[in-house]
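> Could you work out the structure for the sequence below:
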Amino acid sequence: MPPSVSVVIPAHNCARTLAACLDSVYAQTCRIHEVIVVDDGSTDRTAEVARGYPCTLIRGDGNRGVSAARNTGIAAASGDVLFFLDSDEALTPDSVANALEILDADPACGCVHGVIAPDPLFDDGPVEHYKVLHAHWWRAKGVGAVETAFFAQAAVPRRVFDHLGGFDERLRDSEDLEFSDRLAPHYRIVLTDRIVARHDEEHRIGPLLAETFRRALLLVPALRSARRGGRSNLTANTPASVATAALLLATLPFAFWYPLLPVAALLAFCAANAGLLGFVARHRGPWFVPFFVGVHLLTHTALLTGAALGAVRTPGGAPSRRTAPGTEVGR
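Predicted structure coming up:
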């Protein structure tokens, strides 16, 4: 008998996307044992949407965060494999079947997770196009055995949680990274492009930069912690990309006297992202590349600012699991 699958969907104010998410689950090519939607204190029509489907709806006590919502789903699930899916994503029809096949072929695998599609769930404009294209690119480049798991679309055997426990409920933002720290020493983690989800990403530049800044606050301490543990985290931006962006920012004050300096730094930044920009041009068209470069530079600025502030706050230290707002290194 194939393993039974429980799909766990943490949900908070996701009435806009939940129907598309659930439609994709019920359209899977393999049998789904149960679908559990954990409503984490929503104030919109999330619960009403969920009641329109043959799923189990669990209403949480207030907004406790994604870690608590996932743990609630784990406790309620009875499947052999738990498939986590964020409520703003929709799976391709064979994603769960492919996850089960990978887990079956590799008994040492404790988690298999997937990639973001290069097109959004709902098309809300160019900023969202930037976000999903970048998210798809860096994940697709990392396909294979990795040491970081992201649970936006991921399958985990029940025995893994029996062994390691659940997600750290003190964390609202870096729970993937913290769980990966406990997972990687005991189990293989596989990133695959056979699990694919279209994502409804942020489409406004201000919130996108604020999110990038917030997630970068623990970037430096997290990388130090991973290095001490001998781990290599998946990262969304290459060191060359970050370094050339920092160089460009450093040359801007001298642009009046030496205008070629920032031009040269901009060209170096584009060269460091040549593969990504080529992918963007092929998928969205050459006309989109200048806009993509501009937004990419802005997100790097937010990333560098947040990382610098985080390094000052926790000099030489590891991420604080209790009080810090957190970062998922790859996001």
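
> Now Val287, what are its backbone angles?
Careful, residue 287 is Trp and not Val. Phi and psi for Trp287, reported as degrees, to the nearest 10, are phi -60, psi -20.

> Which pLDDT value does the model give it?
Looking at Trp287, its pLDDT is 98.

> Could you shift the numbering so residue one becomes 203, and keep it that way?
All set: I'll call the first residue 203, so the last point we hit is now Trp489.

> Look up how far His498 lies from it.
16 Å (Cβ to Cβ, to the nearest Å). C-beta: built from backbone N, CA, C; applies to glycine.

> now do Gly344
18 Å.

> of those two, who's got more company?
Taking other Cβ atoms under 10 Å, Gly344 and His498 do not tie; His498 has more neighbours (23 against 17).

> Please identify the buried residues of the host helix or strand of that one?
Element membership of His498, judged by DSSP states H and E, is helix 491-515. Neighbour-count burial for helix 491-515 flags 491, 494-495, 497-509, 512-513 (criterion: 16 or more other Cβ atoms under 10 Å).

> So for stretch 405-413, what gets flagged as buried?
Buried residues in stretch 405-413 (16+ other Cβ under 10 Å): His405, Leu410, Leu411, Glu413.

> and the first one, which of the three is it?
Put plainly, it is His405. Using DSSP: H, G, I helix; E, B strand; the rest coil, the structure places His405 in coil.

> Please give me every residue in contact with it.
By Cβ atoms under 8 Å, 6 or more residues apart in numbering, the contact list for His405 reads Asp326, Gly327, Val329, Glu330, Lys333.

> How much space separates the second one from Pro320?
Here Gly327 is placed at a distance of 15 Å from Pro320 (Cβ to Cβ).

> now the last one
Applying Cβ to Cβ, the value for Lys333 to Pro320 is 11 Å.

> now swap in the third one and tell me
For Val329, the distance to Pro320 under the criterion Cβ to Cβ works out to 15 Å.

> So for Gly327 and Pro320, which residue has more residues nearby?
A direct count of neighbours by other Cβ under 10 Å for Gly327 and Pro320 places Pro320 higher, at 20 against 10.
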